[in-house]
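Visitor: Fold the stuff below for me.
(2 chains)
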2 protein chains.
Amino acid sequence: MYTVAEIQNIIDIEIKKLRFDKDPKELYIPIEYTMNIGGKRIRPILTLLACNLFSDNIEKAIKPAIGIEMFHNFTLLHDDIMDNAPLRRNKPTVHTKWNNNVAILSGDAMMIKSFEYFYDCDPEILKEILYIFNKNALQVCEGQQYDMNFEKQDKVLIDDYIKMIELKTSVLIAGGLKIGALIGGADISDAELLYDFGKYLGIAFQLQDDYLDVYGDVKIFGKKIGGDIVSNKKTFLLITAVNLAKGQIYNDLIELMRNNSVTNEIKIHEITQIYNRLNIKQLVLKKINENFDIACQCIDNVSIDAIKKKTIKDFVLHLKFREK
Amino acid sequence: MYTVAEIQNIIDIEIKKLRFDKDPKELYIPIEYTMNIGGKRIRPILTLLACNLFSDNIEKAIKPAIGIEMFHNFTLLHDDIMDNAPLRRNKPTVHTKWNNNVAILSGDAMMIKSFEYFYDCDPEILKEILYIFNKNALQVCEGQQYDMNFEKQDKVLIDDYIKMIELKTSVLIAGGLKIGALIGGADISDAELLYDFGKYLGIAFQLQDDYLDVYGDVKIFGKKIGGDIVSNKKTFLLITAVNLAKGQIYNDLIELMRNNSVTNEIKIHEITQIYNRLNIKQLVLKKINENFDIACQCIDNVSIDAIKKKTIKDFVLHLKFREK
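Guide: Okay, here's the model as predicted:
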């Protein structure tokens, strides 16, 4: 069995090996930039970990793992245009560094390229893997659309929010796990368990992002605390607060969201106070833990020796206690 | 053998059958709108014609033909954002009717969806077909990038322009023909001939577009004559004129391109006069015919009975003498 560090190293090497020194440079340089901007690489790591649960030979899962990471990076590139985001991982986004047209077109090329990494899968499973990837890729777009819709809605139901992050964040993680498992030789029921594991893990992971934006340790978090609060981003925390707040607290919350004259510092402080009064921290932590627990149950149910599950479970713990 | 009319009818029925009544509606309605906005459908028609050269059963090529048409329509959708085009086939473009974000995201979803139409190909040829489609799809992006680059260049070489339209327009036509041929059971050398046929046909087809914008019959053409002249679009005609013009004619041409105070009517009239003086009409017609001729030679070399080639050759003649 590979360790997480070994798998992470394999992924890093593969991504560094990617070459985009083709013409026209205007198309390919932004792809190279985007692929090398960093990130946690959790999708490809999980794809390889899933494969490794069922096979010692993870070689065949490497290209699909890269394809999934490339598709994920393409979605970030296009999302950043749609969200008008100036920075990604503390570096200028492609549409800021170049322009919108470059970001649209190099994103398109990146998406097309990401499909190619699946075609060398064994012919017996190629069709099934492509259908999984395609379905999940389309769902990511659905999630992004719901996310944009929510920005225009006054009220969002928590269940709808969870459904949205399942689409936008989870399904690609889940699909990568299922694909990795199938390449490793898993039967369909184990592959489905890996999918479900990824689904709940992804939800927990996104809820952590929401949590860390408010309750993260600024020294570890790596970016400013309260960014989501400043932009009125409809996170689990804000949606829950809007749904729970009553009377004066509700009015204060809405006023803080609408008032453009209040400083960012005050807005962050005041809204965090409201969150604290409404017990939002406890509620989001409860939800995060619930999803981590269900994810772990899925792994428990996979029909292989418990000893083989140790690496992936350790990785879950590593994610569970992440502070950035 | 099917007639072109029968094949066109099959394509029309299949496109009408496509259903996008899924949530979120904001994502899927623009895809339905784009697929039903019309067009000549020459890519899917040619895919099925190519299949029919080698097999009486064209059923298996229908879904890939639709996938190619959907990919083509996706490229138009994103190109229209990049070109800031208000109309497509006399209807508002998606980014005009909705907005840029809708156009980016529904285009992304459309592109992802287009891949799915290939996955039911026979497993023995699935991988090969996917590699062809992927390569050509990426080349379409390269062509669009070169096209955008040319808009910023003072001078473009004719060979570079032909290379650009080969990428932007031809390769998807050519790839569709090759895929259709392979599905019909063609051997690799015949499939390659179909590819080359599509390459030259596509170049001829795009050069016709350039030609008709200036020399089309306004009553038949269906849109205003001279649109490319007004927008200084770097067509075969303009590039050739800039390359050939000398002295006062060159100065007049450049002045007309730069001068924003001249009316569209005068600009179209004056630049057309310059084209006429430089024999551009004859030059573009010569180039169109050359490409049609090479395309026909490719079909002549395909190793099947001449009688079977009649339908596709008739279709080429239909395209050759098109006036819109």
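Visitor: So which residues of chain A form strands?
Guide: For chain A, strands defined by DSSP state E occupy the ranges A:87-88, A:91-92.
Visitor: can you list the residues of the stretch 51-200 of chain A near chain B?
Guide: A:78, A:81-82, A:100-101, A:104-105, A:107-109, A:111-113, A:115-116, A:119-120, A:123-124, A:126-127, A:130-131, A:134, A:137-138, A:141-142, A:144-146, A:148-149 (CB under 8 Å from any CB of the partner chain). (Each C-beta comes from the backbone N, C-alpha and C, glycine too.)
Visitor: before we move on, the earlier item: could you tell me the least trusted of the strands of chain A?
Guide: Between the strands of chain A, the lowest average pLDDT goes to strand A:87-88, which shows a mean of 91.
Visitor: quick one: contacts of it?
Guide: Strand A:87-88 is touched from outside by A:Ile37, A:Leu76, A:Asp80, A:Thr93, A:Thr96, with contacts defined as CB atoms under 8 Å, 6 or more residues apart in numbering or on different chains.
Visitor: Mind listing the strands that strand pairs with, and their directions?
Guide: If you go by DSSP bridges, strand A:87-88 pairs up with strand A:91-92 (antiparallel).
Visitor: what separates the strand it pairs with from the chain centre, distance-wise?
Guide: 19 Å (CA atoms, centre = their mean, to the nearest Å).
Visitor: what's it in contact with?
Guide: For strand A:91-92, contacts defined as CB under 8 Å, 6+ apart pick out A:Ile37, A:Pro86.
Visitor: Which residue ranges of the stretch 51-200 of chain A form helices?
Guide: Taking DSSP state H, counting those that start in this stretch as the criterion, the stretch 51-200 of chain A contains helices spanning A:59-82, A:94-97, A:100-116, A:123-152, A:158-165, A:171-184, A:188-215.
Visitor: CA atoms only for the shortest one - export them in CSV, please.
Guide: What follows is helix A:94-97 as a C-alpha-only set of coordinates in CSV (Å, rounded to 0.1, in the frame of the first residue of the first chain):
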residue,chain,number,x,y,z
VAL,A,94,-6.6,34.1,-15.4
HIS,A,95,-9.2,36.6,-16.4
THR,A,96,-7.4,39.2,-14.2
LYS,A,97,-3.9,38.4,-15.4
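Visitor: How about the residue of the stretch 201-324 of chain A found nearest chain B: what's its closest non-neighbour residue?
Guide: With CB to the nearest CB as the measure, A:Lys234 is the residue of the stretch 201-324 of chain A nearest to chain B, at 15.1 Å. Spatial nearest neighbour of A:Lys234, excluding adjacent residues (CB to CB, 6 or more residues apart in numbering or on different chains): A:Phe150 at 4.8 Å.
Visitor: Please name the residues that touch the one you found.
Guide: A:Val156, A:Asp160, A:Tyr161, A:Met164, A:Lys234.
Visitor: again, only using 7 Å
Guide: A:Val156, A:Met164, A:Lys234 (CB atoms under 7 Å, 6 or more residues apart in numbering or on different chains).
Visitor: With A:Ala61 instead?
Guide: Applying CB under 7 Å, 6+ apart, the residues near A:Ala61 are A:Thr47, A:Leu48, A:Cys51, A:Gly180, A:Ile183, A:Gly184.
Visitor: so who does the fifth one touch?
Guide: It refers to A:Ile183. A:Ile183 neighbours (CB under 7 Å, 6+ apart): A:Cys51, A:Lys60, A:Ala61, A:Pro64, A:Cys121, A:Ile125.
Visitor: what's the distance between the third one and A:Gln297?
Guide: If I follow you right, that is A:Ala61. 24 Å (CB to CB, to the nearest Å).
Visitor: And the fourth one, by the same measure?
Guide: Using CB to CB, one obtains 26 Å as the distance from A:Pro64 to A:Gln297.
Visitor: So which of those two has more stuff around it?
Guide: Neighbours per residue (other CB atoms under 10 Å in any protein chain shown) separate A:Pro64 from A:Gln297, with A:Pro64 holding more: 27 against 13.
Visitor: any idea how far that one is from B:Cys298?
Guide: Distance, A:Pro64 to B:Cys298, using CB to CB: 36 Å.
Visitor: still on that earlier bit, I'd say the residue of the stretch 201-324 of chain A closest to chain B and A:Lys155 touch.
Guide: No. A:Lys234 lies out of contact with A:Lys155 (CB atoms under 7 Å); the separation is 9.6 Å.
Visitor: circling back to that earlier point, let's have the helices of the stretch 51-200 of chain A in TSV, adding mean pLDDT.
Guide: As requested, the helices of the stretch 51-200 of chain A are arranged in TSV below (pLDDT from 0 to 100):
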stretch	mean pLDDT
helix A:59-82	98
helix A:94-97	97
helix A:100-116	98
helix A:123-152	97
helix A:158-165	98
helix A:171-184	98
helix A:188-215	97
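Visitor: Most tightly packed of these?
Guide: Highest mean neighbour count among those (mean count of other CB atoms under 10 Å in any protein chain shown): helix A:171-184, with a mean of 28.
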